[in-house]
Structure formats: C-alpha cells, structure tokens
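Participant: I would like to see how this sequence folds:
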Amino acid sequence: MMKALARFLVATAAIAMIFVAGFLGTSNSNYAFAADLPDTSYIKADNSKIDLNNANIYEFRKIPGMYPTLGRIIVENAPYNSLDEVLAVKGLTSEQQAKIRENADRFTLFKPDNSMQRERINNANYRL
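Facilitator: Below is the predicted model:
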C-alpha cells in the first residue's frame, strides 16, 4: 500500500513538473524579440485594423478569403515583427501571399500580449 502511494506521488509530481516546464518554456519564448513594437492596448485599440500578433482567428472574417485557413496560418505562426515576416511563413501559396499584400493596409502589429491567456484559434465564437 505504501509503495503504491509513493509511486502515485512520484508520478503526480513528475507530471506537474512537465506541465510547469512546458508552460514556462513556451509562455514567453516567442515574445522576446518583438520589443520594438508598440505596446498592446485593448482600451485604445484601433478596431479597423487586425493586429496580427494578438487578434483571434474570428477577426479575419473582416477580409474575404482570409477566414478560416489563411487566418489560422497567420495566428499559428505569430508573433511577427513585420509584414515581411508574415509573407515569409513557410507553406504560404503565392495566392495567399497576394491576399496578404493586397490587404496590407488593414493589418497592424503590436507587441504580443498573452496577459489574459486568450485562445486565438478556438475562442468559442460559433455561428448557430
């Protein structure tokens, strides 16, 4: 009985350490290089433009042809420092790159803000 309890506690501690290490390892690693971008402000946000580092996939519905596939690709490969980095995402077709270029004036870039731990892909905005 005591050996089973000890194994259970060790396994639980190992799982917790893996979870914490994974969370800490990914939470800030991609965001360090975007220091030159302006701070994200949800209060002063310009809703006429899509912030490629912080918008959820639903925002890409504003631009025909970008939702859901191209929006998902952009969200999954963020953060970016420039539109050129978006255009350089591996696997984009020439048509997708053209769609991004022709709508460049509808995008903006701010520092990535993960303070609210927002889900950017599946954010529970469903159509009935």
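
Participant: can you map out the strands along this protein?
Facilitator: All strands of the chain, identified by DSSP state E, fall at 50-51, 107-108.

Participant: mind putting the ones you listed in CSV, mean neighbour count included?
Facilitator: All C-beta spots, glycine's among them, are computed from the backbone N, C-alpha and C. As requested, these are exported to CSV (neighbours: other CB atoms under 10 Å):
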stretch, mean neighbour count
strand 50-51, 21
strand 107-108, 18
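
Participant: Just put these in CSV and tack on mean pLDDT and distance to Leu83.
Facilitator: Output for those, formatted as CSV (pLDDT from 0 to 100; distance: least, CB to CB, whole Å):
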stretch, mean pLDDT, distance to Leu83
strand 50-51, 94, 12
strand 107-108, 94, 7
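
Participant: Which among the ones you listed is found nearest to Gln97?
Facilitator: strand 107-108 (13.4 Å; CB to CB).

Participant: Contacts only, for Ala4.
Facilitator: Ala4 makes contact with no residue under the criterion CB atoms under 8 Å, 6 or more residues apart in numbering.

Participant: Going forward, the N-terminal residue is numbered 37.
Facilitator: Taking 37 as the first residue, the last one we looked at is Ala40.

Participant: can you tell me how far it sits from Ala134?
Facilitator: Per CB to CB, to the nearest Å, Ala40 is found 61 Å from Ala134.

Participant: Run a quick neighbour tally on the nearest residue to Glu112 once chain neighbours are set aside.
Facilitator: Excluding its sequence neighbours, the residue lying closest to Glu112 (CB to CB, 6 or more residues apart in numbering) is Ile157, at 7.2 Å. As a burial measure, Ile157 scores 12 neighbours (other CB atoms under 10 Å).

Participant: Please report the distance of Ile157 from Arg142.
Facilitator: 20 Å.

Participant: Then Arg108?
Facilitator: For Arg108 relative to Arg142 (CB to CB), the value is 17 Å.

Participant: just Pro100 next, same as before
Facilitator: 11 Å.

Participant: higher neighbour count, those two?
Facilitator: Each of Pro100 and Arg142 has its neighbours counted (other CB under 10 Å); Arg142 has more, 13 against 9.
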